[in-house]
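K.L.:
Sequence first, then the predicted structure, then my questions.
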Amino acid sequence: MSLYTAPAPNTPYGIQTPLLQINQYPLWSGYVELALYFTELAGMLMVIIALLEVAKFKSITKSGSIATFIASVLALGFFAADLGRPEEGIFAPIRAIQFFPYSWMARGVIFVSGLLLFSFIYMVMKILNKGGRITTLVVAILGLFAGIFSTTYSGFELAATTGVPFWNNGAIPLLYLSDGVFVATALAYILAFFIKSEEGARVRFLMVRLQFYSSIAVLSSWFLFMATVNYLYVFNQVAFYYMLSTSSFALDIGLTGIVVVLSGFSTMPTFGFLMKGVQIGGIMDLPSTIKYIMLATAIIALIAGFLTRADILLAGQYAYQLAPMTPFQLTNSQPVPIGAFGWRG
């Protein structure tokens, strides 16, 4: 036993508690923040691309499939960088199967592996133009479900983490889902920006509106999360004030607010207000000014989306390192650390 002393930000008291052996969850590094970010980016981009596949879009689904697979590889790459022994990542999904019914971390390993598999198959089919319509749709829909589950599993995992009460909040899965749509829409718009055909114009119209709606969803989820923090547990308050005191949180909310304003302004031409678009084929494209405003907005959204993931993780871990051991941290419902699957080195 040793003493861990740290100030609680913006509170009239400091904390000086005996630090028992509470680190039953490995402290996550920046690699995990990046891994979860690319997971949501790949997951919800796969969802968007799958829906566009159903609607028979061609160019955007091809470029989107490549971007989805690259993001999936980056996600697993950062997980491997944090966990060590990347070669063991091949066997981790198999070891995780037995824990699937009661561990969100096990489910996450399986979901992300499925996302990588289906995004790869779908990418190959689109690049080589092989496989019938039905086969392509089946793979796309399987990728869609893997993408949704990959995006949201980490939110449910944090909400179910018995050792960090700050994360025991049902708004986190909703925040992570909306954030996934937020960043995936931004990337989809960037891809569509370089498509000059009618298809590109249709996708840009769709993504401008979706960017606006998803940015509202992110802010609403943030407010729901902050409004439901349980102050009866003092370390929840510590984590809450710590999060509010960080520059990354202020930047996150500020950038998301900018996206709301810019994307909201950019949706007006899609409803026939303010400016007239440019005729491409038989449809109307966004005005050139709006297209470039939305390009900048999409880049801002990608940055804000990463900060959302990072802020929740950092604040929870900060409080976790300060809190003394409590009985419910040792219950048999505690999520199984990923090391149990033989991956962590």
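P.N.:
That came through, no problem.
K.L.:
now residue 126: how far from residue 35?
P.N.:
25 Å (CB to CB, to the nearest Å). C-beta coordinates here come from the backbone N, C-alpha and C atoms, glycine included.
K.L.:
just residue 158 next, same as before
P.N.:
14 Å.
K.L.:
Over to residue 45?
P.N.:
Remark: distance between residue 45 and residue 35 (CB to CB) = 16 Å.
K.L.:
Comparing those two, which residue is more hemmed in?
P.N.:
Ranked by neighbour count (other CB atoms under 10 Å), residue 45 and residue 35 place residue 45 first, with 30 against 24.
K.L.:
Now that one: which helix or strand?
P.N.:
Under the criterion of DSSP states H and E, residue 45 resides in helix 30-54.
K.L.:
which helices and strands does that helix pack with?
P.N.:
Counting contacts by 3 or more CB pairs under 8 Å, 6 or more residues apart in numbering; DSSP states H and E, helix 30-54 is packed against helix 59-83, helix 104-128, helix 133-159, helix 171-193, helix 288-322.
K.L.:
what angle do it and helix 171-193 make?
P.N.:
Interaxial angle, helix 30-54 versus helix 171-193 (axes from the mean of the first three to the mean of the last three CA atoms, to 10 degrees): 60 degrees.
K.L.:
any idea how far helix 30-54 is from the chain center?
P.N.:
Chain-centre distance of helix 30-54: 7 Å, with CA atoms, centre = their mean, to the nearest Å.
K.L.:
And stretch 309-321, by the same measure?
P.N.:
Mean-position distance between stretch 309-321 and its chain equals 16 Å (CA atoms, centre = their mean).
K.L.:
Can you list the buried residues in that stretch?
P.N.:
Of all the residues in stretch 309-321, those buried under the rule 16 or more other CB atoms under 10 Å are 309-320.
K.L.:
from those residues, which has minimum pLDDT?
P.N.:
On pLDDT alone, residue 320 ranks lowest of those, at 68.
K.L.:
hang on, isn't residue 106 packed against residue 100?
P.N.:
Yes. Under the criterion of CB atoms under 8 Å, residue 106 makes contact with residue 100 at 5.1 Å.
K.L.:
Show me which of these two is the more surrounded one.
P.N.:
Higher neighbour count among residue 106 and residue 100: residue 106, with 25 against 13, using other CB under 10 Å.
K.L.:
Next, work out how far apart the more buried one and residue 268 are.
P.N.:
Per CB to CB, residue 106 is found 46 Å from residue 268.
K.L.:
what residue is smack in the middle of this structure?
P.N.:
In the chain, the residue lying closest to the centroid (CA atoms, centre = their mean) is residue 40, at 3.3 Å.
K.L.:
what's the closest non-adjacent residue to it?
P.N.:
Spatial nearest neighbour of residue 40, chain neighbours left out: residue 180 (3.7 Å); criterion: CB to CB, 6 or more residues apart in numbering.
K.L.:
so that neighbour makes contact with residue 38?
P.N.:
No. The criterion here is CB under 8 Å, and residue 180 misses it with residue 38 at 10.8 Å.
K.L.:
who has more neighbours, those two?
P.N.:
More crowded of residue 180 and residue 38, by other CB under 10 Å: residue 180, with 32 against 24.
K.L.:
got a list of what that one touches?
P.N.:
Residue 180 sits next to 40-41, 43-44, 151-152, 305 when contact means CB atoms under 8 Å, 6 or more residues apart in numbering.
K.L.:
secondary structure element for residue 169?
P.N.:
Per DSSP H and E, residue 169 falls between elements, in no helix or strand.
K.L.:
do residue 284 as well
P.N.:
Using DSSP H and E, residue 284 sits in strand 283-285.
K.L.:
pLDDT value on the closest residue to residue 54 other than its chain neighbours, please?
P.N.:
Spatially, and ignoring its direct neighbours in sequence, residue 54 is nearest to residue 137 (6.7 Å; CB to CB, 6+ apart). Looking at residue 137, its pLDDT is 93.
K.L.:
what about residue 137, how many neighbours?
P.N.:
As a burial measure, residue 137 scores 14 neighbours (other CB under 10 Å).
K.L.:
now do residue 132
P.N.:
For residue 132, the neighbour count with other CB under 10 Å is 9.
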